[in-house]
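Asker: Just a sequence and a predicted model for now, questions to come.
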Amino acid sequence: MLMNMREVLDISAYFVVGPENTLGRPVKDVIRAAVKAGFTCLQIRSKVASAREMIALCRDAADVLKEENKENEVVLLVDDRLDVVLAAREEGIKVDGIHVGQKDIPVAICRKYLGPEAVIGLSARTYELIDYVKTADTSDIDYFGAGPLHETASKPDAGLDPNGHFKAHGFAELAKLHKISPVPVVVGGGVKAKDIPELKATGVEGFFVISAVAGADDPYTAAKELVDLWRQ
């Protein structure tokens, strides 16, 4: 019986990571640094890893959470790959859910296969975010991922509208999004420490980062700065 991690979900400090982000360092070590620093949600994301490599990353992440006594506090998700989540669970790895985008597997299908206790996050369409959230069926999702706040090398296509033009999200727009969204909102895409106070002031429930931690000279110190700023 899996614990209902939807009840403990905390997206305030959300770390997204894969092997292409860590400057050649073991993903497990960077995850440990982020967890020790107080990150509250973890997503395994890779566009280069095979399914088996993704499963191994899930195992590494789950092991870190268990070793740090955070397996029932920090939610572990996989980006996009329902097959990986199901396979990892079949191998006894505690993966708590999935994050999908608009073009990935529909959330209703994720919910069907992962069950009522799984956490499911959805990236809202960046170029029509406000309108989308007003009409979206959120019955199967636990939070929205929104962004990018800035252009970012980690996701070079993030924020492109149908015509290929980049659109970032200003803080006023994010404040409006927070007001109308029926589920919590986490914002990322080029987020730096200097952005945190103004981002928190919008009312959104959290921030997500990739390179700000995974690409830092000292991931623990970078992660701790972000967490401390958010909690101030």
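Answerer: Thanks, I have the structure now.
Asker: Enumerate the positions of the lowest-mean-pLDDT helix or strand in the chain that are buried.
Answerer: Ranking every helix and strand in the chain by mean pLDDT, DSSP states H and E puts helix 129-135 at the bottom, with a mean of 81. Of all the residues in helix 129-135, those buried under the rule 16 or more other C-beta atoms under 10 Å are Leu129, Ile130, Tyr132, Val133. Every C-beta, even on glycine, is put in place using the N, C-alpha and C of the backbone.
Asker: Average pLDDT for the helix or strand following that helix, rounded please.
Answerer: Counting by DSSP states H and E, the next helix or strand C-terminal to helix 129-135 is strand 143-146. Averaging pLDDT along strand 143-146 yields 95.
Asker: Show me what strand 143-146 is packed up against.
Answerer: strand 119-123, helix 171-180, strand 185-188 (3 or more C-beta pairs under 8 Å, 6 or more residues apart in numbering; DSSP states H and E).
Asker: Send over the shortest one as CSV, restricted to the C-alpha atoms.
Answerer: Spelled out, it's strand 185-188. Output of strand 185-188 as CSV, limited to C-alpha atoms (Å, rounded to 0.1, in the frame of the first residue of the first chain):
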residue,chain,number,x,y,z
VAL,A,185,1.4,26.7,-9.0
VAL,A,186,5.1,26.2,-9.2
VAL,A,187,7.2,28.5,-11.4
GLY,A,188,10.6,28.0,-13.0
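Asker: Run me through the strand neighbours of it, direction for each.
Answerer: Using DSSP bridges, the strands paired with strand 185-188 are strand 143-146 (parallel), strand 206-209 (parallel).
Asker: Would you mind listing the outside residues contacting the following helix or strand past it?
Answerer: Sequence order places helix 196-201 as the next helix or strand after strand 185-188, per DSSP H and E. Outside helix 196-201, the residues within contact range by C-beta atoms under 8 Å, 6 or more residues apart in numbering are Leu149, Phe171, Leu174, Ala175, Val187, Val191, Phe207, Leu226, Leu229, Trp230, Gln232.
Asker: Output the below-cut-off pLDDT ranges for this protein.
Answerer: 1-2, 125-127, 152-168 (pLDDT under 70).
Asker: could you redo the last one with a cut-off of 50?
Answerer: Scanning the chain for pLDDT under 50 picks out the ranges 1.
Asker: Can you show me the strands along this structure?
Answerer: Ranges of strands within the chain are 13-17, 41-44, 75-79, 97-100, 119-123, 143-146, 185-188, 206-209, based on DSSP state E.
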